[in-house]
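Peer 1: below: sequence and its predicted model.
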Amino acid sequence: MSDQDTHGFGPLDLNLLRTFLAVHRLGSFTAAARRLSLSQSTVTTQIRALENRLGRELFERRAHGVTPLPHADELAMRLSGPLDQLADITGEEPSSTAGPVHLAGPAEFMSILGLRTLAPLVAQGVRLRVAIGLTEQLLEELRAGHHDLVVATRRPPGRTLHADLLADEEFVLVAAPVWAEQLKGQDLPTALESLPLIAYAEDLPIARRYWRHVFDRRLHTQAAITIPDLRSVVTALTVGAGWSVLPSYLCRTELASGALRLLHQPEDPPINTAYLVQRPGSSTNPHVTLVREHLLAAAKTW
């Protein structure tokens with residue numbers, strides 16, 4: 001492309017073009033600033049300077065990130081090849097320029113599966129910055145450029161984010177052996193409702209879903225203990241506090257050791273699908289792609 005523009009004089013500053021391409025690829029001034037090691041105000045100033053030179057706006061500013069306008073898509077298509085080639089020529093090797101990968105997801109997934117899966121990548125130079133939280137909040141933060149990848153418990157609507165199916169988690173009904181022995185020969189749904197339930201939240205979302213799916217009835221009980229961390233629910237169950245419904249991956253070790261027992265084995269257990277979500281388009285950080293591909297490959301064995 002020509003290095004001249006029709007609304008200014010002299011060649012365009014390559015720094016403006018690099019910043020523009022980072023914002024276009026990442027969908028956020030915040031993420032671009034982090035990737036380029038610039039302040040957000042510098043990124044904003046550079047994009048405004050480029051828009052002034054070109055005589056038109058390039059992005060629609062939104063509450064969470066930015067959306068490229070048609071002229072920005074055309075400009076990015078023309079710039080991507082030359083600027084990427086220039087980066088190769090100047091020796092910007094991925095191993096030396098790749099920034100940290102900002103990964104977010106549920107605390108339980110990160111502690112039990114995520115970090116164990118990704119730890120070997122550290123030896124390859126990958127740096128991880130891990131955040132935990134609930135799916136709705138994390139997806140909003142992803143749109144705003146605060147994360148590179150998010151493990152979500154639902155598929156985000158619309159086309160502003162790209163989601164790959166990561167894994168299906170199966171829910172299981174479990175308790176300590178002492179409760180399993182007490183329940184032998186009893187009508188399971190009814191008997192359980194009179195025993196202590198250990199739950200993730202007051203509205204019992206996982207247990208109620210299990211009841212509807214497996215027993216085709218509503219669950220009529222209140223939790224004896226609520227803990228907003230499923231790992232703590234596992235701990236309470238193993239010391240005999242009561243029963244619960246959990247993702248199978250979270251209590252696989254306890255079931256294998258006998259510390260917990262399955263109370264029911266339905267032919268069609270309820271499942272929840274997890275997704276690996278990112279903003280559309282390829283990331284300029286090769287380690288984001290490496291982490292993404294590693295998670296997707298490992299999930300086939302979970």
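Peer 2: Done, it's in. Computed from a predicted model, the values in this text were never measured in an experiment.

Peer 1: how about the helices in the stretch 151-300 of the chain?
Peer 2: Using DSSP state H, counting those that start in this stretch, the helices of the stretch 151-300 of the chain run over residues 177-182, 188-192, 205-210, 230-238, 252-257, 286-298.

Peer 1: among these, which is nearest L36?
Peer 2: Closest approach to L36 among the helices of the stretch 151-300 of the chain is made by helix 286-298 (14.9 Å; C-beta to C-beta). C-beta here means a position set from N, CA and C on the backbone, and glycine is covered the same way.

Peer 1: list the buried residues for that closest one?
Peer 2: Across helix 286-298, burial judged by 16 or more other C-beta atoms under 10 Å covers 286-292, 294-295, 298.

Peer 1: which strand in the protein runs the most residues?
Peer 2: strand 162-175 (DSSP state E).

Peer 1: what's that one packed up against?
Peer 2: helix 205-210, strand 243-247, helix 252-257, strand 261-264, strand 271-278, helix 286-298 (3 or more C-beta pairs under 8 Å, 6 or more residues apart in numbering; DSSP states H and E).

Peer 1: before we move on, back to that, any chance of the buried residues of helix 286-298 in TSV, with distance to T238 too?
Peer 2: What follows is the buried residues of helix 286-298, written out as TSV (distance: C-beta to C-beta, whole Å):
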residue	distance to T238
P286	42
H287	37
V288	37
T289	39
L290	36
V291	32
R292	34
H294	31
L295	28
A298	26
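
Peer 1: pick the one among these closest to V277.
Peer 2: Of the buried residues of helix 286-298, the one sitting nearest to V277 (C-beta to C-beta) turns out to be R292, at 10.1 Å.

Peer 1: T30 is nearest to which of the helices of the stretch 151-300 of the chain?
Peer 2: So among the helices of the stretch 151-300 of the chain, helix 286-298 is nearest, using C-beta to C-beta, at 15.6 Å.

Peer 1: just list what that closest one packs against, helices and strands only.
Peer 2: strand 101-105, helix 115-118, strand 149-152, strand 162-175, strand 271-278.

Peer 1: show the pLDDT at the closest residue to I225 other than its chain neighbours.
Peer 2: Leaving aside its chain neighbours, I225 sits nearest to I198 (4.9 Å; criterion: C-beta to C-beta, 6 or more residues apart in numbering). pLDDT, I198: 98.

Peer 1: let me see the contact set for I198.
Peer 2: 223-227, 233, 236-237, 241-244 (C-beta atoms under 8 Å, 6 or more residues apart in numbering).

Peer 1: would you write a ChimeraX line that selects the buried entries of these?
Peer 2: In ChimeraX, a selection of the buried entries from the contacts of I198 looks like this (16+ other C-beta under 10 Å):
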select :223,227,233,236,237,241,242,243,244
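
Peer 1: quick revisit: dump the helices and strands packed on helix 286-298 into CSV; add mean pLDDT as well.
Peer 2: CSV is the format used below for these (pLDDT from 0 to 100):
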stretch, mean pLDDT
strand 101-105, 95
helix 115-118, 93
strand 149-152, 97
strand 162-175, 95
strand 271-278, 95
